[in-house]
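> predicted model and sequence follow; I will ask about them next.
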Amino acid sequence: MEATKQGVKNRKMSWTTRLDAKKERLESVKGITDGMIIPTNRIVEALEKLIRPGDRVVLEGNNQKQASFLSDALSKTNPSNLHDLHMIMSSISRPEHLDLFERGIAKKVDFAYAGPQSLRMAQMLEDGKLTMGEIHTYIELYGRLFIDLIPSVALVAADKADRYGNLYTGANTEETPTLVEAAAFRDGIVIVQVNEMTDELPRVDIPGSWIDFVVVADEPYELEPLFTRDPRHITDIQILQAMMVIRGIYEKHEVKSLNHGIGYNTAAIELLLPTYGESLGLRGKICNHWALNPHPTLIPAIESGWIDSVHCFGGEVGMEKYVAARRDVFFTGRDGSLRSNRTLSQMAGQYAVDLFIGSTLQMDQNGNSSTVTRGRLAGYGGAPNMGHDPGGRRHSTPAWLNMMTSDDPLARGKKLVVQVVETFQAGNKPVFVESLDAIDVKKDTGLATAPVMIYGDDVTHVVTEEGIAYLYKADSMEKRREAISAIAGVTPVGLTHDSKKTDELRREGLIALPEDLKIRRTDAKRSLLAAKSVEELVEWSDGLYEPPAKFRSW
């Protein structure tokens with residue numbers, strides 16, 4: 001035994017292999033760079049030297065902010081020199097993201113969301129042009145960057161940098177610090193595209209000691225107004241659903257902290273708070289604290305004194321001046337600009353809020369739902385992080401405790417997870433189906449599990465134009481199915497409902513129709529909206545909101 005120990009001791013081991021490899025790569029671009037600055041016109045050449053075949057490369061591209069200059073440059077590298085990359089991307093949203101696989105530069109992908117490219121991605125997967133790792137939630141993907149998906153290279157975007165490499169990320173910090181940290185502290189290489197170099201930064205969001213190279217992009221990074229919803233497109237049905245949510249869920253359960261998904265149905269709720277919510281005397285009693293991007297449709301509620309705080313995943317185009325002028329509500333720096341953080345806001349949305357409300361494309365009779373449908377590999381984004389009951393939660397609130405249905409001395413509360421959908425989506429496709437397409441997608445793609453977005457046992461409420469199903473009250477799977485089918489309309493699931501059981505379910509409190517909530521369907525009109533157009537949102541903001549051109553109709 002002693003001889004074995006001595007043999008191990010005498011064996012020479014290097015504990016700096018990653019650092020040594022990094023130094024070699026840095027040395028290879030000394031003829032290209034000026035210190036830590038990569039000339040704009042030599043970025044492709046630099047990437048071919050700094051990245052090696054088979055590397056794990058994390059490329060920033062989330063809901064809104066895209067490292068578009070770097071992704072375009074990477075797609076222009078020579079596949080003979082750079083190939084078989086393992087790409088890690090929150091969002092596959094630009095054509096060149098998939099061009100990497102078409103050209104053979106990249107081979108494998110781990111991602112969270114692929115909305116704009118979901119159809120093309122599904123086809124490429126079927127054609128064998130890319131290899132799938134896993135479809136993740138945002139938090140899950142970020143977590144793996146520090147465990148088993150540690151990147152060799154991080155390609156990210158920021159607003160400004162100084163000559164020391166310090167970064168200012170402005171209102172759209174998003175996931176940048178997380179991606180940088182995963183690479184920087186494991187001897188990976190961090191390359192940042194910036195809109196401009198400057199002598200003085202408004203604030204330092206990421207220190208230069210974390211950064212290896214900065215390159216000034218040939219044009220500012222792409223930024224999408226993803227969370228802007230024009231009130232003109234909100235329908236009477238969505239207003240009816242919003243009234244039911246406010247009365248039958250928010251008021252009933254005293255929901256004070258929450259997250260809203262993207263959509264016109266939740267935009268309707270936001271615009272009804274200063275009108276319908278006010279008429280119910282609910283200001284100060286519900287919807288105080290939010291984990292949410294700065295939705296323009298929040299402006300009337302903020303101006304009416306409904307909202308105490310908003311922590312943001314990212315910014316929103318045109319909301320910069322408004323946010324800076326409402327420091328009491330938003331998290332801002334000394335310079336007045338928003339400090340967003342996708343990782344921290346996802347954690348807040350997972351553990352700190354009482355309620356998540358979102359929508360979906362398909363739901364089965366048990367309440368399982370997914371946005372992954374046949375030929376469309378959309379992914380999840382952050383919905384599963386916020387749309388589940390986190391078992392680690394220990395703090396109690398009235399809403400959380402209100403979900404308790406047991407007298408067990410060890411009983412605990414539950415997070416409210418609400419799915420609000422119309423029974424049919426565009427093209428007369430039923431939302432409620434007997435079997436999720438996700439099951440077929442699993443078979444077709446070889447995924448280990450079906451890509452379910454939110455599992456039925458986490459869902460506490462389902463809202464349709466027919467009414468609300470209070471699933472948390474169901475004491476059996478049979479009762480859950482009855483409650484869902486009762487509000488599923490004339491979909492395949494709704495047609496299984498025995499209408500004779502409707503009154504029984506209403507008496508038991510398993511479903512509530514609008515009239516049970518003292519809501520008249522005829523009152524669900526656009527006249528209830530606090531703002532009926534983007535122009536009116538601008539007026540509410542005293543001209544501080546500056547919507548993108550495509551939303552200007554005046």
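Sure thing, it's come through.
> got a list of contacts for the biggest helix by length in the chain?
Secondary structure of the chain per DSSP state H: the longest helix is helix 17-28. The contact list for helix 17-28 (Cβ atoms under 8 Å, 6 or more residues apart in numbering) reads 14, 49-50, 52, 186-189, 212. For every residue, glycine as well, the C-beta is placed using N, CA and C.
> now a PyMOL select for only the buried ones of the residues you listed.
Buried subset of these, written as a PyMOL selection, criterion 16 or more other Cβ atoms under 10 Å:
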select buried, resi 49+50+52+187+188+189+212
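> packing partners of the next helix or strand after the longest helix of the chain?
Under the assignment DSSP states H and E, the closest C-terminal helix or strand after helix 17-28 is helix 43-50. On a contact count with 3 or more Cβ pairs under 8 Å, 6 or more residues apart in numbering; DSSP states H and E, helix 43-50 meets helix 17-28, helix 68-75, strand 189-197, strand 213-216.
> ends of stretch 41-59, what's the gap?
Using Cα to Cα, to the nearest Å, the end-to-end distance of stretch 41-59 comes to 20 Å.
> chain center to that stretch: distance?
27 Å (Cα atoms, centre = their mean, to the nearest Å).
> now it: mean pLDDT?
For stretch 41-59, mean pLDDT rounds to 98.
> what sits against residue 319?
Contacts of residue 319 (Cβ under 8 Å, 6+ apart): 171, 294, 296, 545.
> try it again at 7 Å.
294, 296, 545 (Cβ atoms under 7 Å, 6 or more residues apart in numbering).
> what's the pLDDT at it?
97.
> rounded mean pLDDT for the longest helix of the chain, please.
Mean pLDDT, helix 17-28: 97.
> could I get the contacting residues of the residue nearest the centre of the chain?
Per Cα atoms, centre = their mean, the C-alpha nearest to the average position across the chain is that of residue 382, at 3.8 Å. Residues near residue 382 by Cβ under 7 Å, 6+ apart: 137-138, 346, 349.
> hmm, 6 Å instead?
By Cβ atoms under 6 Å, 6 or more residues apart in numbering, the residues touching residue 382 are 138, 346.
> neighbours of the closest residue to residue 201 other than its chain neighbours, just the number please.
Among residues not flanking residue 201 along the chain, residue 168 sits closest, at 4.3 Å (Cβ to Cβ, 6 or more residues apart in numbering). Neighbour count for residue 168, taken as other Cβ atoms under 10 Å: 24.
> surely residue 544 and residue 325 touch.
Yes: if you go by Cβ atoms under 6 Å, residue 544 and residue 325 touch, sitting 5.4 Å apart.
> more neighbours: these two, which one.
Using other Cβ under 10 Å as the criterion, residue 544 and residue 325 rank with residue 544 on top: 17 against 14.
> quick one, phi psi at the closest residue to the more buried one other than its chain neighbours?
Residue nearest to residue 544 in three dimensions, not counting chain neighbours: residue 322, with 4.0 Å by Cβ to Cβ, 6+ apart. Per-residue torsions, residue 322: phi -60, psi -50 (degrees, to the nearest 10).
> residue 322 and residue 316: what is the separation?
9 Å (Cβ to Cβ, to the nearest Å).
> good, we can wrap up now.
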